[in-house]
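Fold the following for me, if possible:
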Amino acid sequence: MTPQQPPDEITLAVVAARLDDLREDVKGVRSDLAIHRAELVGRGEWLQRNQAVDDRFQAQGREIGQLRTDLNTKTTVLDGEIKAVDTKADQRRAPWWAVASLVVATVMAALYIIPLIAT
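Next up is the predicted model:
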């Protein structure tokens, strides 16, 4: 038995149906490609965006560096002022031995004067 050849009309209908399916697939691929292309950015624009981001990072780095420098400068100035105030306070404050000698002198004077008053 030899296989029967389908009539030309059936073969033509199958080919037409497969071509329609192929056209739908091609339309789907084209729409997917159009959607994908809409999300893409040109190389020039991409480079420009990257340069803008790099510039912002560099500007922020410079700003942070400047703030650190200012902070260190102000801290150094304040440390100097605190040391100056401490030095002035130390100069005004009497040393412990001066206070002790005053107390001893007062006690000795009292011991000398009290017997003179009593007699």
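
so where's this structure shaky on pLDDT?
Within the chain, the stretches with pLDDT under 70 are 1-9, 94.

All the helices of it, in order from the start?
For the chain, applying DSSP state H gives helices covering 8-39, 43-92, 96-118.

okay, the ones you listed in a markdown table with mean neighbour count next?
C-beta: built from backbone N, CA, C; applies to glycine. Below are the helices of the chain laid out as a markdown table (neighbours: other CB atoms under 10 Å):
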| stretch | mean neighbour count |
| --- | --- |
| helix 8-39 | 10 |
| helix 43-92 | 10 |
| helix 96-118 | 9 |
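
Could you report the distance from Arg23 to Ile82?
The spacing between Arg23 and Ile82, counted by CB to CB, to the nearest Å, is 85 Å.

Pull up the gap between Val41 and Asp21, please.
For Val41, the distance to Asp21 - CB to CB - is 34 Å.

scratch that, Gly65
64 Å.

What of Ile114?
For Ile114 relative to Asp21 (CB to CB), the value is 129 Å.

residue contacts, Ala110?
Listed by CB atoms under 8 Å, 6 or more residues apart in numbering, the contact set of Ala110 is empty.

just how off-centre is stretch 96-113 within its chain?
64 Å (CA atoms, centre = their mean, to the nearest Å).

let me redo that: stretch 36-49
28 Å.

do the same with stretch 49-63
Worked out by CA atoms, centre = their mean, stretch 49-63 lies 13 Å from the chain centre.

And stretch 83-91, by the same measure?
39 Å.

contacts for it?
By CB under 8 Å, 6+ apart, no residue outside stretch 83-91 reaches it.

I'd like the numbering to begin with 746 instead of 1 from here.
All right, first residue 746 from here; so that's stretch 828-836.

What distance do you get for Asp800 to Gly810?
16 Å.
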